[in-house]
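J.: I would like to see how this sequence folds:
(2 chains)
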Amino acid sequence: MADATGFLKIKRKEAGNRPLHERICDFSEVEQVLNSEDRMLQASRCMDCGIPFCHWSCPVDNLIPEWNDLLYKGDWRGAYERLNATNNFPEFTGRICPASCEHACVLNIGQEPVTIRENEVAIVEKAFTEGYIKPVPPKKRTGKKVAVIGSGPSGMAAADLLNKAGHYVTLFEKDEKAGGLLRYGIPDFKLSKATIDRRLNLMEKEGLVIRTSTIIGKDISGKELIDNFDAVCIAIGAGYPRKLPVEGSEFEGIYFAVDFLTAQNRFNAGQLSATDNRINAEGKRVLVIGGGDTGSDCVGTAIRQKAASVTQIEILPKPPLARAIDNPWPFYAKILKTTTSHEEGCERLWNLSTLRFVGDGKITRGAEVEEVRWEYSDNKYIMTPLPETRRVIETDLVLLALGFVHPVLDGLLTELGVELDARKNVKVDKHQSTSQKKVFAAGDTVSGTSLVVNAIASGRKAAKYIDRYLRSLE
Amino acid sequence: MRTERPLNHGLYRQEFEHENCGIGFVAHLKGRKSHSIVSQGLDILRNMTHRGAEGADKKTGDGAGVLIQIPRDFYLIQGYALPPEGQFGTGLIFLPQDASDAAKCEEILLNIISEEEVSFIGFRDVPRNNSVLGEISHAAEPFIKQILLGAETEQEILERKLYIIRKRAEVAIRNSDIRQKNFFYLPSLSTKVLVYKGMLTSLQLGDYFTDLSDERLKSAIALVHSRFSTNTFPSWDLAQPFRVLGHNGEINTIRGNRMWMEARESILKSDKLGDLSRIYPIIEPGKSDSASLDNVLEFLLMSGKSLPYAMSILIPESINAKNPISNELRAFYHYHSTFMEPWDGPASLIFSDGRYIGGMLDRNGLRPSRYVITTNDHIVMGSETGVQTFKPEEIREKGRLKPGKMLLVDTEAGRIYYDNELKATLAGEYPYGDWIHQNMVNLEEIETGQVITPELGPCYNKYITSFNYSMEDIEKIIKEMAATGKEPTGSMGNDVPLAVLSKKPYRLFNYFKQLFAQVTNPPIDPIREELVMTLSGYLGSLQQNLLETSPDHVKMVRFRNPVISNTYFQVVKNLRYKGFSAANLTMLFDASKEAEGLQSAVDKLCADAEKAVDEGKNYIILSDRGIDKNLAPIPSLMAVSAVHHYLISKRKRMQIDIVVESAEPREVMHFALLFGYGASIINPYMSFAIIDKLVKDKAIQLDYQNAEANYINAINKGLLKIMSKMGISTLRSYRSSQIFEAVGIHSDVIDKYFAGTISRIGGIGMAEIAEEVLVPLRKAFIEEQQPEILTEGVYSYRKHGEHHAWNPETIALLQWSTRTRDREKFRLYSNLVNKDTAHPGFIRGLLRIKKNPIPLAEVEPAENIMKRFVTGAMSYGSISREAHETMAIAMNRIGGRSNTGEGGEDPERFKPRADGESTRSAIKQVASGRFGVTAEYLVNADEIQIKIAQGAKPGEGGQLPGHKVDKIIAKTRYSIPGITLISPPPHHDIYSIEDLSQLIFDLKNINPKARISVKLVSESGVGTIAAGVTKAGADLITISGYEGGTGASPSSSIKHAGLPLELGLAETQQTLVMNNLRRKVMLQADGEIKTALDIVMIAMLGAEEFGFATSALVVLGCVMMRKCHLNTCPVGVATQNPELRKRFTGKADYLVNFFRMLAEDVREYLAEIGCRSMDEIIGRFDLLERNPEVDHWKIKNLDLTAMLAMPEESKTNAMRCIEKQESKIDNILDLELIREADKALSEKQPVEITRTIRNTDRTIGAMLSGKIATLYGSAGLPDGTIKCRFTGSAGQSFGAFLAPGIELYLEGDANDYLGKGLSGGRIIVVPPEGSAFEPDKNIIIGNTVLYGATRGEIYISGVTGERFAVRNSGANAVVEGVGNHCCEYMTGGRVVVLGKTGSNFAAGMSGGIAYVFNESGNFDYYCNMGMVELSLVEELSEISELTEFINRHYMFTQSKKARMILDDLDKYIPMFIKVVPYDYKKVLQEQELEELRKKIADVEMDVEYDPKS
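T.: Down below sits the predicted model:
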């Protein structure tokens, strides 16, 4: 900590976002960049706490005080090295992580945490522009072969570390390009796809083999893979979306959020022509069901598609504006979160349960909802419907952003016969090993749907144990 | 009842015993023998009763004795036929109680006597009256006879024969199988002196040995001693005087001294004593430090050395340039320092060989020694003045021994030899200076052509990993030191596990903990009193006999710094000076052979070292350069210590020095350990390589040379600090003194390689030690990828780093649960903490409690339990006002107690607030800085705590930098805003246990209702110290674990000083129960107590009350930032920054919730255990057992049996406090004063009281002041309301805490601590009317005057001792001469010295002004210019201030000196020097500026509102 009193002299300053009227016209990244000097000053606010709660709360154990200090001193390269020691892809997390670190920051007791996430992305972007990041292929190959199935953040992280450890790694991807939900789930205005390409490019230069448009369990059988590789890591995500089994859910105009977002991303990437995009919100009254981040991404995307109106509803109550007494610092603050997409113009409603969809028998025209009341007793929340509040929200396009339940079981998982847990996720021991010999698993496949940063952490962990396993074979 | 001293039981070790004493002698200058000399000696003892101590039975003394000349006539009169004077020798013999054992001892003795051709004349029964003995001493009373011997030879020859007989008999009986052989002891056996002594009180001595009251017993000298021991175990033999000397004090370096003496035996030769092997060992085993010193002194005398010579080489003066001694004398000390390390520690010594009698003080001069010479040729010397009373006109001279100085009387020649004469003779005997000049070379002056690079090249990373360097070592330790030249500072204590409890590999260094001085001897201030300290040493030990004197002794290389650069290391390696040669030995072992490889490599190293000695090498170089995959480094500490101990066992250690070249040591503690176990010089090449890299990487903005110099400087400063903590002044005597305790090392390893080191719970063996070296080595060499250097999280938390007890989960849950008073969350917190504790994080985590449930309803209510809770001592200043007051409110609500900490308390807080809450801290702390300790403060306490040490930095002082001292802090501390406040390492009124007893007495006087508590820190031997503290009268003792600590401290102190709470507490409990002292004193414990389970376990280990500091702060919002020292606490807890203080969110409710939930949980545990109240579990070690589920590779051999051993005596003795300490204030002079001052107290009417006074009348005026402060607060009574006029010698602490309105006028003299804590009163001391001596040349006041005074004035027409006006913050004083260290740490007030001063004037003085009458014109030499500036008194305001002081001095004392100056001001004022601290000057200037600004502003305002403009 170079400046003990930095936090007293410097106020928190966020880079901010592009002007609203401008950003809704395109799919470029919303967030802006701070100049280097201000960035370094922001880093000076870090207090190098005796207990860095930020580091504790970070799933990949980022050494936040250490790289903040180096950043403050202008040692960008040193800062990048310290950042890279725990995180393969700071350029992803620095853009889209909900930053539990900032929630846990000691300065957040006074609601002005260090701009940790922004500092992170600043460091890694500087490292790219200054050329600190270069392909470093392993000096020695072990001769061991690993297959990583799924090229989302956890698969990428596992593949990256295993490749760096000297194993021959092949990363399989069912879609036409690698990146998984990073590429197809997250809108470009939050994470530009060039960022992913840059990283994949680097990994390939380090010797990683990426095979896209290959469905394991179909194009290549699981058995074949197991026979040909010394270890296999399943990182196929949790691709089975939660459904809303109510009357009318089969109507046209009702889509899963992921399909909606994927289509737009594909379109932006030129993989889909405008005419092929059957889910277009332009001129429509859009109803997003589900108050989470995916729902918010749908809001932003629909607005960019020039929807007539966007409404987002959530069955749970509206979160408080400040921390509740049972949600103290340093835990993640469960408070109302207003994203850039929300700012861009949408109506948000809470305590609404969707009863059925109404329409002409084919196409949806509205959703009947009723308000619910939540009460806390016996250590759980109990929901009471309020039938007198029933009403219909008129809509032309319904996007279901209700999350995912578990991995897609058909195909690979069924073929391999790996044991599942009660929630139908793949069951692993503490070394990320599945019930099948030499088969490991990581990411949402194991945990159910979660954050990118958790996926990276899980992929890193799997890599560590796969490496250990491979070395034990010698 | 015991008849012998217990050896070791539980955690108690016999070697922990300490003693402090009262000493004195009386002699006739011309050797006229009389009985009156003997009875005067006994009078001296009687008048020092308060300096001795009694045991639990209140009748057993710790020991008293007298040394007289052989009273041959006395036996002749009784009909014994004796040979002529000089051919007759005698002595008492202590014999076994068992008659047949006694006979066996006699037989052995008589055989040796006849072998030595001395004739046995007979035994004399020694008449004794053992009805006076206490129960304990009676049970241990030996059978005592007197032996009469003779021989027809010269007296000197017979004297030596008697010595040889005694030494031989000691050895023979010690080696015999006589059952009660330990009773056998010869207090003296001589043709010249006879010693009577025993386990007696000062009063009992004369009654027990009836000879002593027999008028026919005559002597010209009587040297007496009364002992204050920490224990009350049987110890007839340890009473003093010994054969030559009586010692008040303690030898801190005793382990090293004893060991070096043993090592020296192989090269000693004496013509006079012949075959020395007959009398070896020179030092009797199993005796006290004083006894060992006496053994060596006696040996030197018997070898023909003179008393002054022997004393001077054993306890030399400082040869620092600031000590004004001649160059010849400096050379004398320098010469002898090459082969005799100082016996270092506080020492006031008196000694006699029957003809000569004298006394001396060690270089620090911390023990008082005053003397009086009368016109009728008597000399009386003693710890106090007034032990003998004389009429004023009889007194020829009054004086005191000064630090390092000696006084000797030759009773045959009738002469007094003063120090300069004695030393000049010694220094002139040989051309020491020339010898040194011709034979010695200084390492730093050797020209080297080349500079050796610190670079390690491509191996760098391998070394970094192999030697376990973490990012924190590099960034937080090495870089910090290289950049700033200082050791890094940290805050909030240590909450990582002990090395042995951690599953991670640690360097062997981490298994050791520093010991430090508490109570029985004072630490030194290594910064302000550096004049007594040195790190210099010599290389190239030669095989020289110290009994001879020759120029060859000094053929050696002298070095100033023991930590050397690669360049100088190269010089050392290739030194061929005067035929020097070195053996290079590698500290590496075969990695593949693991423990076996380590073992055989260490053994080979030892053998090679021996070979080097045999080949005549001068030193060996141990190096761990050259590690690789198969060659692992032997832990450098093990290598050094193993070689050192092996060579001692082979008697070859004196011939060689050990030089270490190692990559392992990096922080101060590592160096201290290597020196402490025998190394002479260390080259830490890895640290230098790291610094080199940091410089090249531009992480340090310095060039390499400066960075290296900074690093070495930081290490040096750290070493001085570690040495000073133990009160040791020189590295030469620190070397091999092994002042460490090992925690978690198996006795097999300790016994073989670290002999003499205490290690009480077993632990790792060779296998684990090897593994700890190999784990990182494998990482470095075997793993494919070079591992990243990561932060190990030892200093700050890291997720995958070392485990911290305070971590995000525990902090979050504690704050959450106490804010919401959520029992469930609190349970989660407690479970998590308890799980962490059993990780294991603490020793108690290895234990579990035995259960036997009863219904919860039967257990005492939570309210009772909460009364046992206190919050830790944290000063307002270290933590914010908000935090401090919140804690006080909470504790007052629950009936617990909060603590002011060191820093006073705003008097506003003494009264309840308008809302009914009270912010008054029930415990008022008295610490070494005495900030804000006034009469009013003390009377507003329920408990007064004397802080001897604190967990975070035991043995060290503190400093509150000026920029943190704002207006309010300054007000509560009675200082000035902006002035730096220094807390000295020791209490300058506690250098020993009898001093502590005196302070307790002072505090009981001022506030008779308050409990007096003493805070100690856990270390080995703390139990023994606690026993002494109990005997000194404390009502409560706090044992603090080393873990805790909320303040800022050097990192090495936080991590490495002190021991875990469990060990210190259990040892204290065991020792107090064994002594049957536990019944009289309460025990309180603190140190990372966090849950109810902690409380219950700590109670079982002996504590009745529990302290919470860190946990309380966490409840109030602390998140363990560990930034307290930076004043940047972002949660407003430990900061004074007003902006940050606004962020404080703590509430008293939270703390109340915390304590209530804890108490409720405690009740649940009590129910499970089957106990209805806390009282039932205190000290119940038997309810604890090892938890077999807690286990890992390093703890499998930990053995807690000793810690959990219930003493035998617990069957009969109380295990908790069941009675009150006896009050010693029932019958004191102040009660009379209070009675007579009734009118003044009730109606403010003036009263005058006249009394005679004696040295046993102590702490005069304090109780009276307490009354006034209670009635009238700090304002007191109008000036001069109560006037007391005394004649005589006043006891210690005369006028302590004297309140406004009291004037004490003393005609006579006074002892130490006059005007301690002066709170507004006036003290006047004048020499008695009719005195023949000049007041400005004779001492009339003792040491440490005005300590912590805040207000008032004193006028002394005479000279005072050392440390006049130490830590004075506001009193004014005029005095006619002072000793060393005058105005030390002073922060305010005025001191006028109308005469000479000693050295180190104004050290650490940050405020106030001193005016010194510089008659001899050399004041600047005596002044420590570190913080002050000197100028003439020129400004009018200053001249008038000074004149006014001298005027008042004359008015009150009629001083001739004052008259002289006043009569010719023009002549004398220019001879005054004004001493002003820079800090203070700045503040004064700012004040002036501020006033100016105000004036200007006022003027501007006038202009603005001027209607005409």
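
J.: quick one: the strands in the stretch 51-200 of chain B?
T.: Applying DSSP state E, counting those that start in this stretch to the stretch 51-200 of chain B gives strands spanning B:64-69, B:88-95, B:119-125, B:143-150, B:193-198.

J.: is it possible to export these to TSV including mean pLDDT, mean neighbour count and distance to chain A?
T.: C-beta coordinates here come from the backbone N, C-alpha and C atoms, glycine included. Shown next, in TSV, are the strands of the stretch 51-200 of chain B (pLDDT from 0 to 100; neighbours: other C-beta atoms under 10 Å in any protein chain shown; distance: least, C-beta to the nearest C-beta, whole Å):
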stretch	mean pLDDT	mean neighbour count	distance to chain A
strand B:64-69	96	28	54
strand B:88-95	96	23	59
strand B:119-125	95	13	72
strand B:143-150	96	20	63
strand B:193-198	96	26	56
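
J.: Enumerate the residues of the stretch 201-350 of chain A near chain B.
T.: When proximity is defined as C-beta under 8 Å from any C-beta of the partner chain, the stretch 201-350 of chain A approaches chain B at A:325-326, A:328-331.

J.: 7 Å instead, please
T.: A:325, A:328, A:330-331 (C-beta under 7 Å from any C-beta of the partner chain).

J.: Now a ChimeraX select for only the buried ones of those residues.
T.: Selection of the buried residues among those in ChimeraX, burial being defined by 16 or more other C-beta atoms under 10 Å in any protein chain shown:
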select /A:328,330,331
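
J.: Leaving out chain neighbours, which residue sits closest to residue B:516?
T.: Closest residue to residue B:516 apart from its sequence neighbours, by C-beta to C-beta, 6 or more residues apart in numbering or on different chains: residue B:955 at 3.2 Å.

J.: pretty sure the one you found is touching residue B:725, no?
T.: Yes: with contact defined as C-beta atoms under 7 Å, residue B:955 counts as touching residue B:725 (3.2 Å).

J.: With respect to residue A:4, which of the residues of the stretch 201-350 of chain A next to chain B is nearest?
T.: residue A:330 (21.3 Å; C-beta to C-beta).

J.: elements contacting the strand or helix carrying residue A:372?
T.: Secondary structure from DSSP states H and E places residue A:372 in strand A:364-377. With contacts defined as 3 or more C-beta pairs under 7 Å, 6 or more residues apart in numbering or on different chains; DSSP states H and E, strand A:364-377 has these neighbours: strand A:352-359, strand A:380-394.

J.: distance between the last one and the chain's centre?
T.: Right, strand A:380-394. 31 Å (C-alpha atoms, centre = their mean, to the nearest Å).

J.: what lines up beside that strand in the sheet?
T.: If you go by DSSP bridges, strand A:380-394 pairs up with strand A:364-377 (antiparallel).

J.: buried ones in the strand it pairs with?
T.: Those would be A:364-372, for strand A:364-377 by 16+ other C-beta under 10 Å.

J.: From residue B:55, how far off is the residue of chain B found nearest chain A?
T.: Across chain B, the shortest distance to chain A (C-beta to the nearest C-beta) belongs to residue B:1122, at 3.1 Å. To residue B:55, residue B:1122 is 45 Å away according to C-beta to C-beta, to the nearest Å.

J.: One more: residue B:159?
T.: Distance, residue B:159 to residue B:55, using C-beta to C-beta: 36 Å.

J.: More neighbours: which of the two?
T.: Per other C-beta atoms under 10 Å in any protein chain shown, whichever of residue B:159 and residue B:55 has more neighbours is residue B:55, with 24 against 20.

J.: buried sites along stretch B:260-273?
T.: Going by neighbour count (16+ other C-beta under 10 Å), the buried part of stretch B:260-273 is B:260-268, B:270, B:273.

J.: From one end of that stretch to the other, what's the distance?
T.: Stretch B:260-273 has an end-to-end distance of 21 Å (C-alpha to C-alpha, to the nearest Å).

J.: which SSE is residue B:1283 in?
T.: strand B:1282-1290.

J.: ok, and for that strand, which residues are buried?
T.: Buried, per 16+ other C-beta under 10 Å, within strand B:1282-1290: B:1282-1284, B:1286-1290.

J.: which residues touch residue A:107?
T.: A:7, A:45, A:113-114, B:1130 (C-beta atoms under 7 Å, 6 or more residues apart in numbering or on different chains).

J.: which among these gets closest to residue A:102?
T.: Using C-beta to C-beta, these come closest to residue A:102 at residue A:113, 4.2 Å.

J.: count of neighbours near the nearest residue to the closest one once chain neighbours are set aside?
T.: Nearest residue to residue A:113, sequence neighbours excluded (C-beta to C-beta, 6+ apart): residue A:105, at 3.5 Å. Using other C-beta under 10 Å, residue A:105 has 28 other residues around it.

J.: next one: residue B:1139
T.: Other residues near residue B:1139 number 9, with proximity taken as other C-beta under 10 Å.

J.: The one 5 residues further on too?
T.: Residue B:1144 is surrounded by 20 other residues when neighbours are defined as other C-beta under 10 Å.

J.: With residue B:418 instead?
T.: 12.

J.: before we move on, what about residue A:51?
T.: The burial count for residue A:51: 25, using other C-beta under 10 Å.

J.: list the contacts for the residue lying closest to it once chain neighbours are set aside?
T.: In this structure, residue A:51 finds its nearest non-sequential neighbour in residue B:797, 4.3 Å apart by C-beta to C-beta, 6+ apart. Residues in contact with residue B:797 (C-beta under 7 Å, 6+ apart) are A:50-52, B:804, B:807.

J.: Now the longest helix along chain B: buried residues?
T.: The helix that spans the most residues within chain B, counting by DSSP state H, is helix B:1478-1505. Across helix B:1478-1505, burial judged by 16+ other C-beta under 10 Å covers B:1479-1480, B:1483.

J.: got a list of contacts for stretch B:563-580?
T.: With C-beta under 7 Å, 6+ apart, stretch B:563-580 has contacts from B:441, B:443, B:446, B:448, B:451-452, B:454, B:539-540, B:555, B:557, B:582, B:618, B:621, B:659, B:661, B:671, B:681-685, B:688, B:708, B:712, B:715-716.

J.: Thanks again, I'm all set now.
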